[in-house]
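Visitor: The amino acid sequence is not available; the structure is as follows:
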């Protein structure tokens, strides 16, 4: 039976949004919370190892039920962000989980404040959760009193979480009008973005202008939402928790020294000329004197090859199976479990993501599949995330999720594998050139674009702190674009508002550098694969199988990678420059 673009099933979380199933899940969660609460009176520095392990088991069981409810609410909402009952249920669950988190807050607070000798004694016997326990203690200097932590949890669920949901609700309701072949079309955002990569330069320009127009019309509201989220982040993390600066919060959560991230961003800025050279070459290849920003993702081929959904799924599954039969089996399971939502429909969350809930259950993958080569690579990317989670499912819930620095490893590596397969299957030289150009485009999008986003985001938090207006922030963003592109293309003024389109700035501050980290890391890993062949595969699968059970720097060091070195990051750009050289030879 061919694969079709269907909606996902959520019954592995909760069988139904209506009726007794939800109530049953809520009651199970309440029982788990009460079981954890019963430990409060038993906590003391001399707590026996057996008791500590029993507490961890109860705590993990509570988190599993919390994840079940939270994931169900979020995924139901993502499937239709205009569904009022889904939105109301999401708010109800977020409130419930915040209250439960407060009731169990005594444990992480006790653990962070426990003396080092007893902490080491208990960690020694903690097995798989040792690193999770170590990581919690990293936040010891930034932990407040139990009463203050409870207030922050309640503040978040009724404050910043609401602002994030409001941003999603507003932007996912947007519709866009575009004239194609004389016919006016009303499109979702994902359907519109198909045209920013269209062979027709007028359509590319019209698509970008329409997207920016719709967002800019709401720039006052969206920029206010952003400023409020940024102020909340600073008030909590810099003013109250005493982090050195806003990005340090994310770095500590990622278990990366600030210096490593600074080195990464400096190397990205230093290598802006690598992509500038590519944009100048691309202008020549597509017959333009100079690219406009509208032409950044223009295809080299005159017409884009389309891939039916079933063809794309089987191509992705074959790609995984050829690299590792185990990966092929795991990827197929996600589709066969009905955990993929690939339809394009109004109200559905735009973009794509993979959500892994807990070990033993296939992750859920959201796609908005439009039949382009780009959509096939997005499918491979998100399925890479799913495989990463499934390879780590022998760990506990507390340790199977990858740390953010390694979270993009499997996804980007999967894109590379798929592109290699597409290139191998394609005999048309023009299509081969276009595929290689798209690989470089995607590499720019992950490294250059996301790296500069991270640099901008650092400054944006300072601009909000200084009380700058939205117009002043937009002007400064435009200056960042000018620095990034130099004289390699023409920038139009409408891009000054591009930053309000970036949902990560709202929902997960300082996440974006993980894309650049992941892409450059994968380029190094892919070099190793090309050099070592079959001998590389067990090393790669081992990196993924760690999940979040070890520090990222330790996992990578075992594979021979030193992320503290600027030379390592520069090596990634040397690979990119080589890809551009190869494309130049084909042109």
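Guide: Everything's here; your move. Because the structure is predicted, anything quoted here is derived from the model rather than measured. Numbers count the residues shown, from 1 in each chain.

Visitor: Please report how far residue 561 lies from residue 273.
Guide: Applying CB to CB, to the nearest Å, one obtains 25 Å for the distance of residue 561 from residue 273. All C-beta spots, glycine's among them, are computed from the backbone N, C-alpha and C.

Visitor: the more surrounded of those two?
Guide: Shown here are residue 561 and residue 273; by other CB atoms under 10 Å, residue 561 has more neighbours (17 against 12).

Visitor: ok, that one to residue 569 distance?
Guide: To residue 569, residue 561 is 11 Å away according to CB to CB.

Visitor: What of residue 319?
Guide: Taken as CB to CB, the span from residue 319 to residue 569 is 27 Å.

Visitor: The two - which one has more neighbours?
Guide: Taking neighbours as other CB under 10 Å, residue 319 and residue 569 compare with residue 569 leading, 26 against 23.

Visitor: If we ignore the residues flanking it in sequence, what's nearest that one?
Guide: What sits nearest to residue 569 in space, not counting adjacent residues and going by CB to CB, 6 or more residues apart in numbering, is residue 267, at 4.1 Å.

Visitor: Next: residue 298.
Guide: Using CB to CB, 6+ apart and skipping residues adjacent in sequence, the residue nearest residue 298 is residue 286, 5.5 Å away.

Visitor: neighbours around the one you found, how many?
Guide: Counted with other CB under 10 Å, residues neighbouring residue 286 total 17.

Visitor: One more: the one 3 residues further on?
Guide: Residues lying near residue 289 (other CB under 10 Å) number 7.

Visitor: Next, the contact list for it, please.
Guide: Going by CB atoms under 8 Å, 6 or more residues apart in numbering, residue 289 touches residue 283.

Visitor: now residue 191
Guide: By CB under 8 Å, 6+ apart, the contact set of residue 191 is 176, 344, 368, 370.

Visitor: Now the residue nearest to residue 298, what are its backbone angles?
Guide: Per-residue torsions, residue 286: phi -100, psi 10 (degrees, to the nearest 10).

Visitor: measure it to residue 434 for me?
Guide: Per CB to CB, residue 286 is found 10 Å from residue 434.

Visitor: what sits in contact with each of those two?
Guide: Common contact partners of residue 286 and residue 434 (CB under 8 Å, 6+ apart): residue 300.

Visitor: Which of the contacts of residue 191 fall within strands?
Guide: Residues of the contacts of residue 191 located in strands (DSSP state E): residue 176.

Visitor: Would you indicate which residues of stretch 216-224 are buried?
Guide: Judged by neighbour count (16 or more other CB atoms under 10 Å), stretch 216-224 contains these buried residues: 216, 219, 222, 223.

Visitor: ok, those vs residue 78, which is closest?
Guide: Nearest to residue 78 among the buried residues of stretch 216-224 is residue 222, at 19.6 Å by CB to CB.

Visitor: so where's the stretch 301-450 of the chain uncertain?
Guide: For the stretch 301-450 of the chain, the stretches flagged by pLDDT under 70 are 303.

Visitor: swap in the chain?
Guide: Those would be 303, if you go by pLDDT under 70 across the chain.

Visitor: quick one, strands of it?
Guide: For the chain, applying DSSP E gives strands covering 176-180, 183-187, 291-292, 340-341, 353-355, 364-366, 489-490.

Visitor: Tell me the spacing between the nearest residue to residue 475 once chain neighbours are set aside and residue 489.
Guide: For residue 475, ignoring the flanking residues on the chain, the nearest one in space by CB to CB, 6+ apart is residue 496 at 6.4 Å. Remark: distance between residue 496 and residue 489 (CB to CB) = 15 Å.

Visitor: now residue 109
Guide: To residue 489, residue 109 is 52 Å away according to CB to CB.

Visitor: quick one on the thing from earlier: show me the contacts for the residue nearest to residue 298.
Guide: With CB under 8 Å, 6+ apart, residue 286 has these contacts: 295, 298, 300.
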